[in-house]
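Peer 1: Next come a sequence and a model predicted from it.
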Amino acid sequence: MAFCRSSSRIVLSLVVLGLVCPARAEEADEVALLKDITVAANADGVTIRIDLSHPREATSHELKSPHRVWFDFPDTQVRSGTISRPVNHKLIKAVRAGQFSAEPPIARVVLDLSGDHSLKLARADEGRVLFIGLGKGGGRPEEKPARRPTVSVAGGEWAEEGDESARFVLRLSDMAPVRAFYLDDPERVVLDIEQACIAGPAADPSLRNGLACDVRMTQFESDVVRLVIELRSPAGFALRKLLNPARLELRLARGETRNRLVVIDPGHGGKDAGAKGYKAGLLEKDVVLDIGRRAAELLRGKGVRVVMTRDDDTFIPLSERPGMANNLGAHLFVSIHCNAMPEGKKGTRSGTEVYYHTPISSSFAEVMLKEFTDCTETTARGTLSRRFVVVREALMPSVLVETGYIDHPDEGAKLADPSFRQRCALGVVHGVMRYLERGDLKSVAALD
Ligand SMILES: [Zn+2]
């Protein structure tokens, strides 16, 4: 194995003259890792220890029946994807962690409690460690010693550099577990190579391709090498593992946006008015038709082809809507709706949800929710998988955007306002464009 440096953090940042990246380089390295969870238990109580690579302030939430408390860590990746620690104590059954959201990266730690027990929280190591105590505590759980790296990253280089696509190859002494993820602000692809240490420079500093503007590699943890490729604008990526010799091949490509066909589906219509607004005369079918028309016009202005399932106040059966997109061979399908609470709970909820069903649609749903809520400043209530006909039957990436709650007095008043509907349309357009720019590569990423 090649020489491994002992310093815990080596930054090999390659400054390229004349190429300016949109934000400070170090920011890209600051997505924390949730490294491990350890538990100590005795007859009097339980103590849970959560170890992070960087200080993070978690938000906590509670759910009764069954009693559950969860903590969300912003800008954090769970190191091994998921962590499960059965405790089987009278106070708590288990602790588990998973990646709640990929973009933005949010790690969620869930405590499955046996009842309504109070928790004592304490932080240590400048916020890198969170202790959670139940009962009188179960002692002091220790962090497991860091695993020793067994693989060295000999270096990397561009194997192919074009204006619309590029290929970067990292040479390893042996194959290692790797995690790839995409982040924006600035747009970048990140590879975390486990059990590894740096033994060579990240890349030849002369970038000649039209996609990347910086490449840097750091010893992020004592046994995690992080490679960050910063992009000039959104692009798709796919990772391949190659053996003999061991290499990681990262393919980048700019997605096609011009002449892509998007089907916009304003919900309801005709005899089906959809949800009723907070005031008389405000109907979902009218609001979503207006948003859909505005979105279609904006998309056409960007060279995207658009077909609307309805462009007037007509009734269209549900399955005809995705059927239309399937027959046309559309690239994307976007259904637009307004939400409402049931009778007795009217006006109690506001915010945006994006629904999807097929696996190829989940990243489109995430991009759409982020772009939409950035434009409208509505509360992002999450992306949810549901068996709705329109998103279930479409063969292409498809989402249903519940723009906002029309029965809520404030949000309903916004949805009645044409300038807000223009922002909703812009949100849909940004979601579509951002997804198309990132291309289809992500869906074929070959990961562990
Ligand atoms: Zn609806």
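Peer 2: Looks like it came in fine. Residues are numbered from 1 along each chain as shown.
Peer 1: For Leu252, see how far away Asp417 is.
Peer 2: Asp417 is 41 Å from Leu252, where distance means C-beta to C-beta, to the nearest Å. Where you see a C-beta, it was placed from the backbone N, CA and C, and this is true even at glycine.
Peer 1: Just want to know which of the two has more residues nearby.
Peer 2: Leu252 (26 against 11; other C-beta atoms under 10 Å).
Peer 1: Over to Glu126: give its phi and psi.
Peer 2: phi 50, psi 30 (degrees, to the nearest 10).
Peer 1: Now do the SS call for Val429.
Peer 2: helix (DSSP: H, G, I helix; E, B strand; the rest coil).
Peer 1: check contacts around the nearest residue to Lys279 once chain neighbours are set aside.
Peer 2: Excluding the flanking residues, the one nearest Lys279 by C-beta to C-beta, 6 or more residues apart in numbering is Gly412, at 6.9 Å. Neighbour list for Gly412: Gly277, Tyr278, Lys279, Leu282, Gly404, Tyr405, Ile406 [criterion: C-beta atoms under 8 Å, 6 or more residues apart in numbering].
Peer 1: redo that, cut-off 10 Å
Peer 2: By C-beta atoms under 10 Å, 6 or more residues apart in numbering, the residues touching Gly412 are 275-279, 282, 287, 338, 340, 346-347, 350, 404-406.
Peer 1: now do Leu395
Peer 2: Counted by C-beta under 10 Å, 6+ apart, Leu395 has contacts Pro322, Ala325, Asn326, Gly329, Ala330, Phe333, Thr358, Ile360.
Peer 1: hmm, back to that, quick check, the residue nearest to Lys279 in a strand?
Peer 2: No. Applying three-state DSSP, one finds Gly412 to be helix, outside a strand.
Peer 1: any idea of the pLDDT on it?
Peer 2: Looking at Gly412, its pLDDT is 98.
Peer 1: got it, and Gly236?
Peer 2: 87.
Peer 1: try the one 5 residues further on
Peer 2: With respect to pLDDT, Lys241 has a value of 93.
Peer 1: Confirm that it sits in a strand.
Peer 2: Yes. Residue state for Lys241 (three-state DSSP) corresponds to a strand.
Peer 1: Quick check: the gap between it and Leu191.
Peer 2: According to C-beta to C-beta, Lys241 stands 11 Å off from Leu191.
Peer 1: of these two, who's got more company?
Peer 2: Shown here are Lys241 and Leu191; by other C-beta under 10 Å, Leu191 has more neighbours (22 against 16).
Peer 1: what about that one, distance to the ion?
Peer 2: 41 Å (C-beta to the ion, to the nearest Å).
Peer 1: these two touch, right, that residue and Val228?
Peer 2: Yes. Counting by C-beta atoms under 10 Å, Val228 is a contact partner of Leu191 at 8.1 Å.
Peer 1: Need the residues touching each of the two.
Peer 2: Common neighbours of Leu191 and Val228 (C-beta under 10 Å, 6+ apart) are Met217.
Peer 1: quick one on the thing from earlier: I only care about the contacts of Leu395 that end up buried; give me the PyMOL line for that.
Peer 2: Burial among the contacts of Leu395 is assessed by 16 or more other C-beta atoms under 10 Å; the matching PyMOL selection reads:
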select buried, resi 322+325+326+330+333+358
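Peer 1: Look up which helix or strand Asp286 falls in, please.
Peer 2: Taking DSSP states H and E as the criterion, Asp286 maps to helix 284-301.
Peer 1: Quick check: next helix or strand after that helix?
Peer 2: In N-to-C order, the element after helix 284-301 by DSSP H and E is strand 305-308.
Peer 1: counting contacts, what elements does that following strand pack onto?
Peer 2: The contact analysis (3 or more C-beta pairs under 10 Å, 6 or more residues apart in numbering; DSSP states H and E) places strand 305-308 against strand 261-266, helix 284-301, helix 320-328.
Peer 1: For the stretch 251-400 of the chain, which residues are neighbours of the ion?
Peer 2: In this structure, the stretch 251-400 of the chain approaches the ion at residues Gly267, Gly274, His337, judged by C-beta under 5 Å from the ion.
Peer 1: Just the buried ones among the residues you listed, please.
Peer 2: Of these, these count as buried by 16+ other C-beta under 10 Å: Gly267, Gly274, His337.
Peer 1: Nearest to the ion: which residue in the stretch 301-448 of the chain?
Peer 2: Ranked by C-beta to the ion, the top residue of the stretch 301-448 of the chain for proximity to the ion is His337, at 3.5 Å.
Peer 1: Wasn't that residue part of a strand?
Peer 2: Yes. The assignment for His337 by three-state DSSP puts it in a strand.
Peer 1: circling back to that earlier point, can you lay out the buried ones among the residues of the stretch 251-400 of the chain next to the ion as a markdown table showing pLDDT?
Peer 2: Listed next are those as a markdown table, based on pLDDT from 0 to 100:
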| residue | pLDDT |
| --- | --- |
| Gly267 | 97 |
| Gly274 | 97 |
| His337 | 98 |
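Peer 1: about what we covered before: report the two of the contacts of Leu395 separated the most.
Peer 2: Using C-beta to C-beta, the pair of the contacts of Leu395 lying farthest apart is Gly329 and Thr358, separated by 16.1 Å.
Peer 1: For Asp290, which residues are in contact?
Peer 2: Pro266, Ile336, Leu415, Pro418, Arg421, Gln422, Cys424, Ala425.
Peer 1: Return the subset of those residues lying in helices.
Peer 2: Leu415, Pro418, Arg421, Gln422, Cys424, Ala425 (DSSP state H).
Peer 1: Could you point out which of those residues is nearest to Ser206?
Peer 2: Taking C-beta to C-beta as the measure, Ser206 sits nearest to Ala425 out of the ones in helices among the contacts of Asp290, at 42.5 Å.
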